[in-house]
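>>> Task: produce atomic coordinates for the following.
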Amino acid sequence: MKSGRVIGARREKLETASERASIHKKLRRQQISRIILTSSIFIAVAVLLVLLGRLLVTDGELLPAGSVSVVVPYSPTIEVIDEDAGNGAAHLSSRMKEYIGQAEADFRDLGYTPVKAVLPVGSIREVDFYLDGVSGYVKTIIDRDTGVTTEDADRMIRYLSSINVSDFEYIDVRIDGKAYWK
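This next block holds a predicted model:
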C-alpha cells in the first residue's frame, strides 16, 4: 500500500484557507439571496391580500388611500326616560345608549316602531320598550344580545296575536329561552 491512500479510494484534496474563505462568501451570498427572495414573495402576497380585501369590502371599488372605515356605535333616536332620575331625564352610560340604539334598530328591522324606552325604578340593567301598535311594553335586559331579545319579543307578540290576546300589560323576554306575559 502506498502512503496516504485508503483502500478503495483516493486521498482527499486539502483546501487552503483562501479557498475555504471564498466558499464561505459564496454560501453567505446564496443565503442572503434566498432571504431577500423569500421576503419579497411574502410582501407581494401581503399586498395582494390587502388589495383583494379592499375590493371585497368596497364591492369592487378601491378605497382612496388613507381612508379608514369607522364603526359608529348605535345611538338611540327615541325618547329615553329614567324613572330613577328626579326630573325623568336620563343620564345614560355609553353601553346603555348603544344597547337602546341597537335594540331600536332591531325592532325596526322586524317591522315595529319603537316609541320610547324606559329605565324602571330600582333596576340597573332593565330597559322597557314601548312599541307603536302594541298594547303593552317589552321588558328587556342589557346582558342579552339585542337581536335575540327582539326576535323573542316578536315571537311572543305573534303568539299572543294567534291566541287572540291583544291586551296585555307587558312581555318579559329577559330570560334566555323563556318569555312571559301579563
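>>> Does G122 touch D84 like I think?
Yes: counting by CB atoms under 8 Å, G122 does reach D84; the two are 7.3 Å apart. (Each C-beta comes from the backbone N, C-alpha and C, glycine too.)
>>> So which of these two has more stuff around it?
For G122 versus D84, neighbours defined as other CB atoms under 10 Å are more numerous around D84 (13 against 7).
>>> quick one: secondary structure of that one?
At D84 the chain is in coil, as set by DSSP: H, G, I helix; E, B strand; the rest coil.
>>> where along the chain do the strands fall?
79-82, 114-119, 126-131, 137-141, 170-172, 180-181 (DSSP state E).
>>> for those, which one ends up most surrounded?
strand 137-141 (a mean of 23; mean count of other CB atoms under 10 Å).
>>> Quick one: distance of the longest helix seen in the chain to the chain centre.
Looking across the chain with DSSP state H, the single longest helix is helix 17-57. When C-alpha coordinates are averaged (CA atoms, centre = their mean, to the nearest Å), helix 17-57 and its chain have centres 35 Å apart.
>>> what is the rounded mean pLDDT of it?
Helix 17-57 carries an average pLDDT of 89.
>>> and if you look at stretch 124-140?
Rounded mean pLDDT across stretch 124-140 is 93.
>>> Can you name the residues in contact with it?
Around stretch 124-140, the neighbours that count as contacts under CB atoms under 8 Å, 6 or more residues apart in numbering are 96, 99-100, 103-104, 107, 112-120, 141-143, 146, 149, 153, 157, 166-174, 181-182.
>>> one more time with 7 Å
99-100, 103, 107, 112-120, 141-143, 149, 153, 157, 166-174 (CB atoms under 7 Å, 6 or more residues apart in numbering).
>>> any idea how far L160 is from V127?
21 Å (CB to CB, to the nearest Å).
>>> swap in L52?
42 Å.
>>> thinking again about what came up before, nearest approach to A17 belongs to which of the strands of the chain?
Of all these, strand 137-141 sits nearest to A17, with 80.6 Å by CB to CB.
>>> report the angle between the axes of the closest one and strand 114-119?
Counting by axes from the mean of the first three to the mean of the last three CA atoms, to 10 degrees, strand 137-141 points 50 degrees away from the direction of strand 114-119.
>>> Who does strand 137-141 pair with, and is each partner parallel or antiparallel?
Counting by DSSP bridges, the strands paired with strand 137-141 are strand 126-131 (antiparallel), strand 170-172 (parallel).
>>> out of those strands, nearest to A21?
Taking CB to CB, strand 126-131 is the member of the strands paired with strand 137-141 nearest to A21, at 78.2 Å.
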